[in-house]
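>>> Show me the folded form of this:
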Amino acid sequence: MSARTASARTDTGSILKQPRAVWAVAFACVVGFMGIGLVDPILPSIAEDLEATPTETELLFTSYLLVTGIMMFFTSWVSSRIGARRTLLIGLTLIVAFAAAAGLSGSVDGIIGFRAGWGLGNALFVSTALATIVGAAAGGSGPAIILYEAALGVGLAIGPLLGGLLGNISWRGPFFGTAALMAIALVAITVMLPKDADAAQRPAPAKLSAPFRALRIPALAVLALVALFYNIGFFILLAYTPFPLGFDAIGLGLTFTAWGLSLAVTSVWVAPLLTARMRRTTVLATALPLLAVDLVLAGVFVESPAALVGFVVIGGLLLGVVNTVLTEAVMEATELPRGVASSSYSGVRFLGAAAAPPLATELASIGSSGLPYYVGGLSVAIAIVLVLAFRGKLSRVDDGPEPAAVEAEAIGIGDAA
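Numbers count the residues shown, from 1 in each chain. Next up is the predicted model:
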């Protein structure tokens, strides 16, 4: 039996048999991740109605992701002082407020600004949600991470569909819809998630410098850089594709719903099967080249809507595998508290994601409509080189099960992070 198989068998819990608190946070994660793909179907409508350029509309992604990425470095410091529950509730409240404000806005600059505030709430929520689910879930970290990635996939699938349906009425509809759903999630977590432990019972608060110092650890630094370049390809595919496709809001919503469902399927079922049989670095070294090829082919066939839709869906299948494996790898790359590791990793990867949307439209304006996909493929190729060149630094993520003491510490931190 391989080490990875042994590791897989240490987490025997079912993702379906979880406490109510886990399901409440997972539902909020679904709605939170909807915010990423929500604006995809309405980008052309916003550009038309508010007389904005494609690059200006892409800044709706950039302001959201940039603030999310920067604030990720500080979320472990915040949550270790006020507790996971308060951090989640503050994050959700900010998302509700800024999503509603974006729907009321009358200019693209206003929406860009409100999306930045939305990103602040998203940072507080997302990084804490992963640690909370890992800490509260039954059956260990494996089922918890799969549940988290499933929430990501479902959110990315529902977001474009909701955006398409409501955006077909008005581009303001998706923003109001998200605000309403997040308000429901806010109530659910308020009712179902237990109150945080008293300050005296919590682990020592994380230092403000902890996420930055964590990047000195070679394994975490390599994984963060891999995620940065990988996310450039990810968000070129997600954020730029609505423009060359040329579909209406419903057509774009359905296209990216299929993409999100593909991502969810491979996150929940395919990635665990692969990592049970192969080392995590082997899975990454296999899936990332396929993603690079998919992006290059999307650039070659960018003038064919049917072909481009096909490459978007195939990309979703590959993204689901890479997302899950990278998340698992980060959680086991160090002996740091998982909230700190998650903050460091997420901060770097969101910065790469923030750069991709406006980069794509600018490349298309100075070159061809397929050029952004070629650059996305090149960026993913850099991620491949990093995995292969520093595979020795990543040996820990390929090891067998974690020692019991490390796993117990990780779960304890997850409860309080």
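
>>> from here on, contacts and neighbour counts on C-alpha atoms
Fine.

>>> What lies in contact with stretch 17-33?
Stretch 17-33 has contacts (C-alpha atoms under 8 Å, 6 or more residues apart in numbering) with 122, 126, 129, 132-133, 136-138, 147-148, 151-156, 159, 178, 181-182, 185-186, 188-189, 192-194.

>>> Mind checking which of those residues are buried?
By neighbour count, with 16 or more other C-alpha atoms under 10 Å, the contacts of stretch 17-33 hold 122, 126, 129, 132-133, 136-138, 147-148, 151-156, 159, 178, 181-182, 185-186, 188-189, 193 as buried.

>>> Identify the residues contacting residue 333.
Residue 333 touches 219, 220, 394, 396, 397, counting by C-alpha under 8 Å, 6+ apart.

>>> if you set the cut-off to 7 Å instead, what comes out?
219, 220, 396, 397 (C-alpha atoms under 7 Å, 6 or more residues apart in numbering).

>>> From what I see, residue 62 and residue 352 are in contact.
No - counting by C-alpha atoms under 7 Å, residue 62 does not reach residue 352; the two are 9.8 Å apart.

>>> burial count for residue 313?
21 (other C-alpha atoms under 10 Å).

>>> What is the neighbour count of residue 245?
Neighbour number of residue 245 under other C-alpha under 10 Å is 18.

>>> typo on my end, residue 150
26.

>>> Following element in sequence after the helix or strand encompassing it, please.
Per DSSP states H and E: residue 150 is located in helix 141-167. Per DSSP H and E, helix 141-167 leads on to helix 173-192 as the next helix or strand towards the C-terminus.

>>> what sits against residue 108?
With C-alpha under 7 Å, 6+ apart, residue 108 has these contacts: 50, 52.

>>> before we move on, what about the one 4 residues further on?
Contacts here follow C-alpha under 7 Å, 6+ apart; on that basis residue 112 touches 59, 60, 63.

>>> Which one (most neighbours) among those?
Of the contacts of residue 112, with other C-alpha under 10 Å as the count, residue 60 tops at 27 neighbours.

>>> right, and that one touches residue 115 too?
Yes - using C-alpha under 7 Å, residue 60 makes contact with residue 115 at a distance of 6.2 Å.

>>> how about low-confidence regions in the stretch 201-350 of the chain?
Low-confidence segments of the stretch 201-350 of the chain (pLDDT under 70): 201-204, 339.

>>> Sketch out the strands for it, chain order is fine.
Applying DSSP state E, counting those that start in this stretch to the stretch 201-350 of the chain gives no strands.

>>> Could I get the contacting residues of the closest residue in space to residue 332 that isn't next to it in sequence?
By the measure of C-alpha to C-alpha, 6 or more residues apart in numbering, the closest residue to residue 332 outside its immediate chain neighbours is residue 397, 5.7 Å from it. Counting by C-alpha under 7 Å, 6+ apart, residue 397 touches 280, 329, 332, 333.

>>> if you set the cut-off to 6 Å instead, what comes out?
By C-alpha atoms under 6 Å, 6 or more residues apart in numbering, the contact set of residue 397 is 329, 332, 333.

>>> same question, residue 133
22, 144.

>>> Check the spacing between it and residue 125 real quick.
In this view, residue 133 and residue 125 are 12 Å apart by C-alpha to C-alpha, to the nearest Å.

>>> Can you work out which residues contact both of those two?
Joint contacts of residue 133 and residue 125 (C-alpha under 6 Å, 6+ apart) do not exist.

>>> low-scoring stretches of the stretch 51-200 of the chain, by residue?
137-142, 149, 196-200.

>>> wait, what's in contact with residue 62?
Contacts of residue 62 (C-alpha under 6 Å, 6+ apart): residue 354.

>>> Now with 10 Å, please.
Contacts of residue 62 were listed using C-alpha atoms under 10 Å, 6 or more residues apart in numbering, and they are 56, 68, 112, 115-116, 119, 239, 350-358.

>>> Likewise for residue 280?
4, 271, 274, 286, 322, 325-326, 328-329, 394-395, 397-399.

>>> Would you mind giving me the ChimeraX syntax to select the buried ones in the residues you listed?
To isolate the buried ones among the contacts of residue 280 in ChimeraX, judged by 16+ other C-alpha under 10 Å, type:
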select :4,271,274,322,325,326,328,329,394,397,398,399
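
>>> ok, the contacts of residue 280 vs residue 171, which is closest?
Nearest to residue 171 out of the contacts of residue 280 is residue 322 (C-alpha to C-alpha; 31.7 Å).

>>> picking up where we left off before, list just the nearest of the contacts of residue 112 to residue 233.
Closest to residue 233, out of all of these and judged by C-alpha to C-alpha, is residue 59, at 16.7 Å.

>>> Distance to residue 226 added to the contacts of residue 333, as TSV?
Formatted as TSV, the contacts of residue 333 follow (distance: C-alpha to C-alpha, whole Å):
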residue	distance to residue 226
219	11
220	10
396	16
397	14
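
>>> Nearest to residue 51, out of the residues you listed: which one, please.
residue 220 (42.7 Å).

>>> Can you tell me how far the residue nearest to the closest one when sequence neighbours are not counted is from residue 132?
The shortest distance from residue 220 to any non-neighbouring residue, by C-alpha to C-alpha, 6+ apart, is to residue 333 (6.1 Å). According to C-alpha to C-alpha, residue 333 stands 19 Å off from residue 132.

>>> And residue 220, by the same measure?
Taken as C-alpha to C-alpha, the span from residue 220 to residue 132 is 21 Å.

>>> What of residue 119?
Where residue 132 is concerned, residue 119 sits at a distance of 19 Å (C-alpha to C-alpha).

>>> same thing with residue 163?
28 Å.

>>> and if you look at residue 179?
For residue 179 relative to residue 132 (C-alpha to C-alpha), the value is 22 Å.

>>> Likewise for residue 284?
26 Å.

>>> got any residues that touch both of residue 60 and residue 115?
By C-alpha under 10 Å, 6+ apart, the residues touching both residue 60 and residue 115 are residue 109.

>>> sorry, back to before: pull out the buried members of the contacts of residue 333.
219, 220, 397.

>>> Tell me which of these fall in helices.
219, 220 (DSSP state H).

>>> could I get the buried ones among the contacts of residue 333 as TSV with distance to residue 20?
Converted to TSV, the buried ones among the contacts of residue 333 look like this (distance: C-alpha to C-alpha, whole Å):
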residue	distance to residue 20
219	34
220	32
397	30
